[in-house]
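**Q** Provided below for reference: sequence and predicted model.
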Amino acid sequence: MSTAGARVPGPVAIIGAGIGGLTAALSLQHFGVPVRVFEQARALREIGAGVTITPNAMSVLDFLGIGPALAEQAGDTPRYFVRSAADGRELERGPDPWSFVPEFGAGYCNLHRADLHSALAAAVSSNDQDAIALGHRFDYLEQDGGTVIAHFSNHTAVEAPALIGADGGASAVRDTVFGGQNASYTGHVALRALVPVARVPEAILADPYTLYVGAGRSLIHYPLRRQTTMNVLGNAQAAQWQAEGWSIPATVAEFLGLFEDFPEPVRELIAAIPGPDLFKWGLRDREPLPAWTRGRVTMLGDAAHPMTPYLGQGACMAIEDGMVLGRAVAASRSIAEAFARYEAARRDRANGVQLAARYQGTQHHGSTASGPSSGKTAAALGLFSYDPVTEPV
Ligand SMILES: Cc1cc2nc3c(=O)[nH]c(=O)nc-3n(C[C@H](O)[C@H](O)[C@H](O)COP(=O)(O)OP(=O)(O)OC[C@H]3O[C@@H](n4cnc5c(N)ncnc54)[C@H](O)[C@@H]3O)c2cc1C
């Protein structure tokens, strides 16, 4: 552990113990900066779903010491294919999975979100057993030139030298500091499920990491936890959406109805979903923000740049942010300098990926039976060659 650059008496407050907040905590701890992460939930938990961690984020997990065990838990990453939903024709194939480490210095892992989240939380807590405070829902803050005071709905308040809003897409920190920014419904609904491998059709297992693109819809599946579970994520257009949240129960009949013209193995895979393990949510999008920092408060992850899932980069961007934030603090002599360096290093990259993900959604869903379009994957866009561990800050 090296010594911190920026003088930070007392722990830095991080709001939200999600993937981004915990990565920032671990990165700051690595550089000798004490942190306190305030999470609204009374227990740490993650939703049952997969998350793709590409080399640009895997290098961070390796650097912070938790990458190798997570890669071991995940098992080998199969080769990625993009196929037409109309006839199963191959439109694109991803790079050889063995090429990632030689080319980018880090691997590519499909992780169970709970495995990633627990590894981050365990590492943060083993550095400092008091680092994560549960049951703290952030309400509002006050700041002056020297300090920030965060107020929580449990009627406690905490004074900190700086505060990082890592409280996700509906960020209360962002609302407090920059005013309410309404997210708009994209017209796309997502459905997700985990299917035990024993129920997965043979044809799907033969080609386990595939994205099908079709008119107005796309569906991706990939295996998790050493091929014991298949992660399934479908996206479809739906005119209206009211409910908030990532875990609204859906039915197999509803999922099948939306994908009834997809190839037979895909329909068999949907039909094999255990009923209670199927959820849906409405995809929301926001315009990129021109600034993430005000005084002693900055933001990261979905709080700063929520994005649609079409490039599979939301968590990766949160991990990149967390790493760079720690490095910026270590390299600076004041919080103002650290946050300015952090934002300058990150804003164009993350806002650019946010817009690219939006565009990618229109490409997938613009596919027609006669002319499927795979758009450009994160690999083809060159996103993996950014290394948050070594990029200048
Ligand atoms: C099903 C699914 C699949 C995905 N797949 C991928 C993928 O393959 N690859 C990828 O890179 N990205 C993926 N994403 C996107 C990715 O998960 C998000 O971009 C990522 O979780 C953002 O991390 P975060 O830490 O910024 O926010 P979050 O993960 O939302 O964490 C925010 C945390 O803040 C807490 N919080 C919220 N409000 C408050 C408050 N007022 N006070 C205190 N705490 C608060 C929340 O409880 C939560 O713990 C996927 C998302 C979903 C839903």
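**A** Received the coordinates, thanks.
**Q** tally of neighbours for the residue of the stretch 101-250 of the chain found nearest the ligand?
**A** Taking C-beta to the nearest ligand atom, the ligand has its nearest neighbour within the stretch 101-250 of the chain at G168, 2.8 Å off. Any C-beta I mention is one placed from the backbone N, CA and C, and that applies to glycine too. Neighbour count for G168, taken as other C-beta atoms under 10 Å: 22.
**Q** I'd guessed P265 sits against P201; true?
**A** Yes. When contacts are counted by C-beta atoms under 8 Å, P265 is listed as touching P201 (5.0 Å).
**Q** can you pull the contacts of V177?
**A** L141, G165, R294, V297, M299 (C-beta atoms under 8 Å, 6 or more residues apart in numbering).
**Q** you'd agree it is in a strand?
**A** No. With DSSP: H, G, I helix; E, B strand; the rest coil as the criterion, V177 is assigned helix and is not in a strand.
**Q** from E142, how far off is it?
**A** For V177, the distance to E142 equals 11 Å [C-beta to C-beta, to the nearest Å].
**Q** are any of the contacts of V177 buried, and which?
**A** L141, G165, V297, M299 (16 or more other C-beta atoms under 10 Å).
**Q** from the residues you listed, pick the one nearest R333.
**A** R333 lies nearest to V297 out of the buried ones among the contacts of V177, by C-beta to C-beta, at 18.9 Å.
**Q** list the contacts of the nearest residue to that closest one once chain neighbours are set aside.
**A** Using C-beta to C-beta, 6 or more residues apart in numbering and skipping the chain neighbours, the partner closest in space to V297 is L163 (4.8 Å). Counting by C-beta under 8 Å, 6+ apart, L163 touches V12, A13, I14, I15, L141, Q143, V148, A150, V173, R296, V297, T298.
**Q** how about L163, phi and psi?
**A** Per-residue torsions, L163: phi -140, psi 140 (degrees, to the nearest 10).
**Q** what is it paired to in the beta sheet?
**A** Counting by DSSP bridges, L163 forms beta bridges with A13, V297.
**Q** pull the number of nearby residues for D62.
**A** Here the number of neighbours of D62 (other C-beta under 10 Å) works out to 19.
**Q** one step back: could you list which of the buried ones among the contacts of V177 belong to strands?
**A** L141, G165, V297, M299 (DSSP state E).
**Q** so is stretch 16-23 next to the ligand?
**A** Yes. Shown here: stretch 16-23 in contact with the ligand (C-beta under 6 Å from any ligand atom) through G16, A17, G18, I19, G20, G21.
**Q** that stretch - what's its average pLDDT?
**A** For stretch 16-23, mean pLDDT rounds to 98.
**Q** stretch 292-312 now?
**A** Stretch 292-312 comes out with an average pLDDT of 94.
**Q** and the ligand, is it touching that?
**A** Yes. Using C-beta under 6 Å from any ligand atom, stretch 292-312 reaches the ligand at G301, D302, A303, P309, G312.
**Q** residue ranges with poor pLDDT in this protein?
**A** Regions of the chain meeting the criterion pLDDT under 70 cover residues 1-4, 7-9, 181-182, 241-245, 364-375.
**Q** what parts of it come near the ligand?
**A** Within the chain, the positions lying close to the ligand (C-beta under 6 Å from any ligand atom) are 15-21, 38-41, 49, 51-52, 137-138, 166-168, 172, 192, 246, 301-303, 309, 312-316, 318.
**Q** contacting residues around stretch 252-263?
**A** With C-beta under 8 Å, 6+ apart, stretch 252-263 has contacts from 83, 85-88, 191, 193, 212, 214, 217, 219, 234, 236, 266-267, 270-271, 273, 275, 278, 280.
**Q** quick one: the host helix or strand of D348 to chain centroid distance?
**A** Applying DSSP states H and E as the criterion places D348 in helix 335-365. Relative to its parent chain, helix 335-365 has a centroid offset of 13 Å by C-alpha atoms, centre = their mean, to the nearest Å.
**Q** and that helix, what does it pack against?
**A** Packing partners of helix 335-365 (3 or more C-beta pairs under 8 Å, 6 or more residues apart in numbering; DSSP states H and E): strand 184-196, strand 217-224, strand 229-237, strand 297-299, helix 314-330.
**Q** Throw those into CSV and include distance to D207, thanks.
**A** Formatted as CSV, the helices and strands packed on helix 335-365 follow (distance: least, C-beta to C-beta, whole Å):
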stretch, distance to D207
strand 184-196, 15
strand 217-224, 9
strand 229-237, 12
strand 297-299, 39
helix 314-330, 24
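**Q** given the host helix or strand of V37, what are its sheet partners and their directions?
**A** Assigned by DSSP H and E, V37 falls within strand 35-38. Strand 35-38 has the following sheet partners, assigned by DSSP bridges: strand 12-15 (parallel), strand 132-133 (parallel).
**Q** so which helix or strand takes in A121?
**A** helix 113-127.
**Q** for that helix, buried residues please.
**A** Buried positions in helix 113-127, judged by neighbour count with 16+ other C-beta under 10 Å: 113-121, 123-125, 127.
**Q** and which of the residues you listed is nearest to A74?
**A** Once C-beta to C-beta is applied, the member of the buried residues of helix 113-127 that ends up nearest A74 is D115, at 7.7 Å.
**Q** picking that back up, and of the residues of stretch 292-312 next to the ligand, the nearest to the ligand?
**A** Ranked by distance to the ligand (C-beta to the nearest ligand atom), the residues of stretch 292-312 next to the ligand are led by G301 at 2.2 Å.
**Q** tell me the contacts of the closest one?
**A** G301 touches G16, G18, I19, G20, G21, A166, G168, G314, M317, A318, D321, G322, counting by C-beta under 8 Å, 6+ apart.
**Q** the fourth one reaches D302, doesn't it?
**A** Translated: G20. Yes. In this structure, G20 is within contact of D302 by C-beta under 8 Å, at 7.2 Å.
**Q** which one's more surrounded, those two?
**A** Shown here are G20 and D302; by other C-beta under 10 Å, G20 has more neighbours (31 against 25).
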